[in-house]
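*Asks:* Provided below for reference: sequence and predicted model.
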Amino acid sequence: MSIEKLKSLVSKKGGLAKANRFNVMFTPPKQSLINLDLQGLLSSAISGNFNAKNLINDPRDIALLCDSVSMPGKQISTLDYQTTRASRKMPYGTIHDDVALSFLLTNDYYMKTMFDKWINSIVDYDTYAVAYKDDISTDIIIQQLNEKDIPVYGVKLEGAFPVSMGEVALGNEATGIQKLNVSFAYDKCVPEGALSSTGSLIKNALSIFG
């Protein structure tokens, strides 16, 4: 195959997908349109970083602060079936790997505070009471975008909730930007095309209005 044929094929398919063109959207359970984090708002005001826009919980803020994510793979579970001549693998189910997301931390610790509340609602810090799954899960939309920021493919993680939140390391010799790593479990990964993924994105964003 010549390089010209490859270039022609890539051009016909709209170009090569870029790893840094993506979008992530989800709305934490029970999050309201109005920011009710009075302590965080007061802290921002005292530090001189108060912005009236912080009074609104905008789902797009999460998308902007998401630094990296991976579209999950899928593994088929098999059993070895012994025939008279050879062993054959027989499928019987699927395995979903947890999905890891990385978020940039701002000086108001917006993402850290949000996940602190979310994880605490799953297993209460004081009573160790475990919440009902439907009350602490949400859908996560992950999209591959083209160079015009138009979705070309997406997946919807149904019934997703955080299962681990990484440490935030501090130190006198540390440099760079702080990030928060969070892993999610989910019930089902549904592949979506450009149109269906856009519809899921809009529906997910509107869920904040109740």
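*Replies:* That came through fine. Bear in mind that the values here come from a model prediction, so they are computed numbers and not experimental data.

*Asks:* if I look at residue 168, how far off is residue 114?
*Replies:* According to C-beta to C-beta, to the nearest Å, residue 168 stands 14 Å off from residue 114. Where C-beta positions appear, they are placed from N, C-alpha and C, glycine not excepted.

*Asks:* more crowded one of those two?
*Replies:* residue 114 (20 against 12; other C-beta atoms under 10 Å).

*Asks:* quick check: closest non-adjacent residue to that one.
*Replies:* residue 28 (6.1 Å; C-beta to C-beta, 6 or more residues apart in numbering).

*Asks:* what are the phi and psi angles of the one you found?
*Replies:* Backbone dihedrals for residue 28, given as degrees, to the nearest 10, come out at phi -60, psi 150.

*Asks:* number of nearby residues for it?
*Replies:* 18.

*Asks:* residue 21 now?
*Replies:* The burial count for residue 21: 16, using other C-beta under 10 Å.

*Asks:* can I assume it is in contact with residue 148?
*Replies:* No - the pair residue 21 / residue 148 is not scored as a contact, 9.3 Å apart, by C-beta atoms under 8 Å.

*Asks:* next SSE after the worst-scoring helix or strand of the chain on mean pLDDT?
*Replies:* Of all helical and strand segments in the chain, the minimum by mean pLDDT, DSSP states H and E falls on helix 38-47, at a mean of 65. Sequence-wise, the next helix or strand downstream of helix 38-47 (DSSP states H and E) is helix 59-65.

*Asks:* just the pLDDT at the closest residue in space to residue 105 that isn't next to it in sequence, thanks.
*Replies:* Nearest residue to residue 105 in three dimensions, chain neighbours excluded: residue 178, at 4.0 Å (C-beta to C-beta, 6+ apart). On the pLDDT scale, residue 178 is placed at 94.
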